[in-house]
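>>> Here you go, sequence then predicted model.
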Amino acid sequence: SYSFDHRYYLTMNGRKDGNSQFGTDVRWANFASVGASWNVHNEKWFRIPWMKVLQLKASYGANGNSRIGSQEALGTYSYGDSHSYNGESGGTQGQSPNSKLSWETTYMTNLGFRIAAFNRIDFEFEWYNNLTKNLLSQLPVSLTTGDTRVYRNVGEIQNRGFEINITTRNFIAKKEGDFTWTTDINLARNSNKLKKSYRGTQVNFTDGISWIEGEDTRTYYLVRWAGVNPYDGSPLWYDANGDITKTYDSTNNRVRGKKSNSIITGGLTNTLTYKGFSLRFLLNYQFGGYTYSSFASIGNSDGYN
């Protein structure tokens, strides 16, 4: 790291990481990053009396993820009487091995600025773009392998968005012990997309979520419920074209649409202090996004699907 005259800051780092949980020939990976910031308010030509801080910053780098279990690359096997065959103890495969399993890597770009003004408001904005490659995920395989899903390095996911942090000093103490009140507000927006999947295949999960190339990774892929026929009480569904049908067809009538990821998330914290006592209360919020209710899917259906 290097800084000059409280104006320019530069940070660089590089690392070599190894994980023995991966295959023997792919255990090591190299990661690096660089970041810089500029305190514009410390320049001699800066003359804005009401603005105490103006800072610009940027960074780019790569980070590795190895958060998997200890046996995903080696595979697991069970042995004992419970796996016996013809009166002899035997062994069965619990999880298929993958000797080429290796690091998942995220390439991160960040741009931002900070402004502090009027001795009361501190505003910080940051935009980011994270691209994850060699995604670590359990994906379906041929049943001839003896397994249904195997951990593999496949696909790319992009997360892009912004974060805003605002601190306001609503009441400022004139002397020690007087009443003070500060507010911290956080707001975040993230856009998620599956950029690439293994051979372009779609992966369906048990909670109705599907991974579809070009879509949010939390996209629902479901047959839409259309209510009950008022004449005979039979369940009704929408087909893929939006027409009402009495036939539930999970093969041809599932459609993608609603997403569970929120549009905006954040929080608001107020802190009040007086004579050595402090009171803090927090509000978290979330806008947008849908939830699939497994209870409603049972209680609101005919019991068939």
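Received the coordinates, thanks. All values reported here derive from a predicted model rather than from experimental measurement.
>>> Then residue 251 would be within a strand, right?
No. Counting by DSSP: H, G, I helix; E, B strand; the rest coil, residue 251 falls outside a strand, being coil.
>>> Contacts only, for it.
By Cβ atoms under 8 Å, 6 or more residues apart in numbering, the contact list for residue 251 is empty. All C-beta atoms are positioned from the backbone trio N, CA, C, and that covers glycine.
>>> List the buried residues in the host helix or strand of residue 17.
Using DSSP states H and E, residue 17 falls within strand 8-18. Buried residues in strand 8-18, counted by 16 or more other Cβ atoms under 10 Å: residue 9.
>>> what's the span of stretch 202-222, first residue to last?
14 Å (Cα to Cα, to the nearest Å).
>>> just to revisit the earlier point, who's in contact with the strand holding residue 17?
Residues outside strand 8-18 that contact it (Cβ under 8 Å, 6+ apart): 1-3, 27-39, 61, 64, 66, 103.
>>> ok, now how distant is residue 231 from residue 249?
22 Å (Cβ to Cβ, to the nearest Å).
>>> Those two: who's more crowded?
Neighbour count, other Cβ atoms under 10 Å: between residue 231 and residue 249, residue 249 has more, with 13 against 6.
>>> so the more buried one sits right up against residue 224, yeah?
No. The criterion here is Cβ atoms under 8 Å, and residue 249 misses it with residue 224 at 11.6 Å.
>>> what do those two both touch?
Counting by Cβ under 8 Å, 6+ apart, the residues touching both residue 249 and residue 224 are residue 237.
>>> for residue 263, what are its contacts?
Contacts here follow Cβ under 8 Å, 6+ apart; on that basis residue 263 touches 189, 287, 288, 289.
>>> CSV for these, including neighbour count and pLDDT?
CSV is the format used below for the contacts of residue 263 (neighbours: other Cβ atoms under 10 Å; pLDDT from 0 to 100):
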residue, neighbour count, pLDDT
189, 17, 96
287, 10, 93
288, 12, 91
289, 15, 89
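>>> Between these, which sits nearest residue 125?
Comparing these against residue 125 with Cβ to Cβ places residue 189 closest, at 11.4 Å.
>>> So residue 94 is in contact with residue 74, correct?
No. Using Cβ under 8 Å, residue 94 is not in contact with residue 74; the gap is 11.0 Å.
>>> When these two are compared, which one has more neighbours?
Comparing residue 94 with residue 74 by other Cβ under 10 Å, the one with more neighbours is residue 74, at 16 against 12.
>>> any idea which helix or strand carries that one?
Under DSSP H and E, no helix or strand contains residue 74.
>>> who touches it in this structure?
Going by Cβ under 8 Å, 6+ apart, residue 74 touches residue 97.
>>> same check, this time on the one 4 residues further on
With contacts defined as Cβ under 8 Å, 6+ apart, the neighbours of residue 78 are 91, 92, 94.
>>> Now do the SS call for the first one.
Under three-state DSSP, residue 91 falls in the strand class.
>>> Give me the distance between it and residue 286.
For residue 91 relative to residue 286 (Cβ to Cβ), the value is 48 Å.
>>> Run through the strands of the stretch 51-200 of the chain in chain order.
Using DSSP state E, counting those that start in this stretch, the strands found in the stretch 51-200 of the chain span residues 51-65, 76-85, 88-95, 104-117, 121-133, 136-140, 149-153, 156-171, 180-196.
>>> Dump those strands to a markdown table, plus distance to residue 16.
Compiled in a markdown table, these are given as follows (distance: least, Cβ to Cβ, whole Å):
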| stretch | distance to residue 16 |
| --- | --- |
| strand 51-65 | 10 |
| strand 76-85 | 29 |
| strand 88-95 | 29 |
| strand 104-117 | 13 |
| strand 121-133 | 18 |
| strand 136-140 | 19 |
| strand 149-153 | 19 |
| strand 156-171 | 23 |
| strand 180-196 | 27 |
